[in-house]
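1. take this sequence and fold it.
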Amino acid sequence: MYIALGSLSELDTQLEIAERLSFIERSEELIKRIYFIKNMLARLITSLKE
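-> This next block holds a predicted model:
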């Protein structure tokens, strides 16, 4: 689970870099999906610890 969370964070960073370099335009929908999935993974990790 931690690997998936790290990979998602890496994707978020790569998208931010691509946006800053003007390779892509900002996609609010994509950003919302990334944070939604991050929250789901974090909750799953928390629930598995208990």
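
2. identify the residues contacting the longest helix along the chain?
-> Counting residues, the longest helix in the chain under DSSP state H turns out to be helix 28-49. Applying C-beta atoms under 8 Å, 6 or more residues apart in numbering, the contact partners of helix 28-49 are 1-2, 4-5, 8-9, 11-12, 15. Yep, even glycine has a C-beta here, placed from its N, CA and C like the rest.

3. what of stretch 14-22?
-> Here stretch 14-22 has contacts from 24-26, 30-31, 34, using C-beta under 8 Å, 6+ apart.

4. returning to that earlier point: export the contacts of helix 28-49 to CSV and append columns for neighbour count.
-> As requested, the contacts of helix 28-49 are arranged in CSV below (neighbours: other C-beta atoms under 10 Å):
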residue, neighbour count
M1, 11
Y2, 8
A4, 13
L5, 16
L8, 15
S9, 12
L11, 13
D12, 16
L15, 17
